[in-house]
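1. Sharing a model that was predicted from the sequence below.
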Amino acid sequence: MNVLVVGSGGREHALAWKLAQSRRLTRLYCAPGNVGIEAVATCVPIAADDVAGLKRFVESEGIGLTVVGPEAPLAAGLADEFRRAKLRVFGPSRNAARIESSKSFAKELLQRCGVPTAEGRTFESVAPALEYVERAPVPLVVKADGLAQGKGVVVAQTRDEARRAVTDMLEKRVFGAAGSRIVIEEFLDGEELTVMAFTDGTAIVPMVPAQDHKRVGDGDTGPNTGGMGAYAPAPLGTPALLVTVERTVLRPVVDALLRLGCPYQGVLYAGLMVMRGTPYVLEFNARFGDPETQVVLPLLKTDLLDVMEAVVEHRLDQCRVVWHDRAAVCVVLTSKGYPGTYIAGLPIQGLPAADRSRDDVMVFHAGTKRQGNEIVTAGGRVLGVTGLGVSFAQARDRAYETARAISFEGCHLRSDIAVRALQARA
């Protein structure tokens, strides 16, 4: 089968890397792809949000399955357009993807379903939002309603910070149209957990649980980012907790979307806060997480193409999904200044050694490009280095050994990825 992966980041590199291992794959393409993906797929110069261009390519090349990586094409209705044309696509419809593209839609859905989540209200005007800030207890969480590349969330420890977040989003429009509506929530104090699940609209198959590191600095300091690293399977996600997550979070939401006439097909990502053993929903994503994908997919033993086909064909209940009994740790290398402004085009050293063929370390490209004979930085998050091992200590050592052998001017990485997992297993 010919397969197309849509996207150009570290998540898409991990997807392409895993799909390339399928015994049933004929040819693998990625649009637009990146330098790292070139090693496992043919990259084609079509933007991820060019729905018409992607559709023409799929029809001309006989693509049997299109896998959508990023959220923007899903919110733009790529899956809807493909399904209308009888083209097989892995990813939810525009209406189902609102669970990520609209925080207010997700909040209202959770409240109707009785799913545990933070108390919150939606605002479109500055004055009532500021009035709410004056009454509500701090800390508060202020969220841009729309897609903001993982950066549209402010955890305000003081009222001044909350006021500033409100005016930045609603008045100054720092997140553009994504911040024209905001959600202000109570702060939940617990431990975060990511549970992604395959679903065909009725059947649900949770993946191994992961934990992401969102803040830019060690000790969870500094502003939120798209993700500085991750590890799996997170010890917090015990078998008993995963049963609770499926029963109280995933099942009610999947069933509710089905009743609304927008059955969910693809990967449903639940970002959770676990408080005293109860999982509360912080957010939903309508696709694989980044960088969680870089630690979850290396642990998948079952052919990913088989699982995706089962989702598309509404027979996920007949697919047995098996996982390796190993640990995975991903360390993200970022440009200096990220998640703010940064300089691109900086040469990257150490990649040839880091990219050598190994089954215990993978280097996933996120923001890179080829410039002459060099590979240079081309984004805030540049690379994700994933280590595998029989223990978190071994996986972490392998990831950091390789990550620290790679360099570019201003390279930044956190030094405490997966420390919590080591403490949990101690």
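-> Right, received. Where do you want to start?

2. Domain ranges for this protein, per the record?
-> 2-91, 125-180, 191-318, 327-425 (automatic domain parsing).

3. Quick one: end-to-end distance for the longest one.
-> Counting by CA to CA, to the nearest Å, you get 34 Å between the two ends of domain 191-318.

4. cool, and stretch 172-184?
-> Counting by CA to CA, you get 17 Å between the two ends of stretch 172-184.

5. Lowest-scoring secondary structure element of this structure by mean pLDDT?
-> The helix or strand with the lowest mean pLDDT-type score in the chain, counting by mean pLDDT, DSSP states H and E, is helix 351-354 (a mean of 65).

6. got the buried residues for the helix or strand following that helix?
-> Next along the chain after helix 351-354, taking DSSP states H and E as the criterion, comes strand 361-365. Of the residues in strand 361-365, 361-365 count as buried by neighbour count, 16 or more other CB atoms under 10 Å. For glycine as for every other residue, the C-beta is placed from the backbone atoms N, C-alpha and C.

7. same check, this time on stretch 324-337
-> Applying 16+ other CB under 10 Å to stretch 324-337 flags 326-336 as buried.

8. just stretch 141-154 next, same as before
-> 141-148, 150-154.

9. Give me the contact list for that stretch.
-> Contacts with stretch 141-154, where a contact means CB atoms under 8 Å, 6 or more residues apart in numbering, come from 71-72, 75, 100-104, 118, 120, 122, 155-156, 161-162, 165-166, 168-169, 175, 177-187, 214, 223-227, 283, 290, 339.

10. What's the end-to-end length of that stretch?
-> 6 Å.

11. any idea of the mean pLDDT in that stretch?
-> Average pLDDT, stretch 141-154: 83.

12. same check, this time on stretch 325-341
-> On average, stretch 325-341 scores 97.

13. same question, stretch 34-50
-> Rounded mean pLDDT across stretch 34-50 is 96.

14. okay, Arg425: pLDDT?
-> We note a pLDDT of 66 for Arg425 in this prediction.

15. 460 is where my numbering starts, stick with that
-> Got it, the first residue is 460 from now on, which makes the last one we talked about Arg884.

16. what's the least confident stretch among the domains of the chain?
-> Sorting the domains of the chain by mean pLDDT places domain 584-639 lowest, at a mean of 89.

17. tell me which element Leu847 is part of?
-> Per DSSP H and E: strand 840-848 holds Leu847.

18. That strand to strand 820-824, inter-axis angle?
-> Orientation check (axes from the mean of the first three to the mean of the last three CA atoms, to 10 degrees): strand 840-848 against strand 820-824 gives 160 degrees.

19. Run the chain-centre distance for strand 840-848.
-> 15 Å (CA atoms, centre = their mean, to the nearest Å).

20. cool, stretch 529-545 as well?
-> 18 Å.

21. Return the distance of stretch 709-722 from the chain's centre.
-> Relative to its parent chain, stretch 709-722 has a centroid offset of 21 Å by CA atoms, centre = their mean.

22. Kindly export that stretch (C-alpha atoms) in PDB.
-> Output of stretch 709-722 as PDB, limited to C-alpha atoms (Å, rounded to 0.1, in the frame of the first residue of the first chain):
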ATOM      1  CA  LEU A 709     -12.600   8.500  26.800                       C
ATOM      2  CA  ARG A 710     -15.800   6.500  26.600                       C
ATOM      3  CA  PRO A 711     -18.200   9.400  27.500                       C
ATOM      4  CA  VAL A 712     -16.500  11.700  25.100                       C
ATOM      5  CA  VAL A 713     -16.400   9.300  22.100                       C
ATOM      6  CA  ASP A 714     -20.100   8.400  22.700                       C
ATOM      7  CA  ALA A 715     -21.100  12.100  23.000                       C
ATOM      8  CA  LEU A 716     -19.400  12.900  19.700                       C
ATOM      9  CA  LEU A 717     -21.200  10.000  18.100                       C
ATOM     10  CA  ARG A 718     -24.500  11.300  19.300                       C
ATOM     11  CA  LEU A 719     -23.700  14.700  18.000                       C
ATOM     12  CA  GLY A 720     -23.300  13.200  14.500                       C
ATOM     13  CA  CYS A 721     -19.600  13.600  14.300                       C
ATOM     14  CA  PRO A 722     -18.100  10.200  15.100                       C
END
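
23. Pull the residues that contact that stretch.
-> Taking CB under 8 Å, 6+ apart as the rule, stretch 709-722 contacts 551-552, 554-555, 558, 568-569, 571-574, 654, 656, 658, 660-661, 663, 665, 723, 727, 729, 743.

24. Repeat that for stretch 572-587.
-> 562-563, 566, 569-570, 588, 591, 600, 604, 625-626, 629-630, 639-647, 707-708, 711-712, 715, 732, 737-741.

25. looking at this, Val642 is in a helix?
-> No - applying DSSP: H, G, I helix; E, B strand; the rest coil, one finds Val642 to be strand, outside a helix.

26. Let me see the contact set for it.
-> Counted by CB under 8 Å, 6+ apart, Val642 has contacts 562-563, 566, 579-582, 601-602, 604.

27. Which ones among those lie within helices?
-> Within those, residues falling in helices by DSSP state H are 562-563, 566.

28. which ones are touching Ala500?
-> 464, 475, 479, 487-489, 492.

29. Which of the residues you listed has the largest number of neighbours?
-> Val464 (31 neighbours; other CB atoms under 10 Å).

30. before we move on, what SS does the residue nearest the centre of the chain have?
-> Compute the mean C-alpha point of the chain, and by CA atoms, centre = their mean the closest residue is Gly748, 1.7 Å away. Under three-state DSSP, the three-state class of Gly748 is coil.

31. circling back to that earlier point, ok, the buried residues of stretch 600-613 vs Arg515, which is closest?
-> Leu606 (25.1 Å; CB to CB).

32. Tell me where the stretch 610-759 of the chain has strands.
-> 612-615, 641-645, 650-658, 663-665, 670-671, 674-676, 680-683, 688-691, 725-734, 737-744 (DSSP state E, counting those that start in this stretch).
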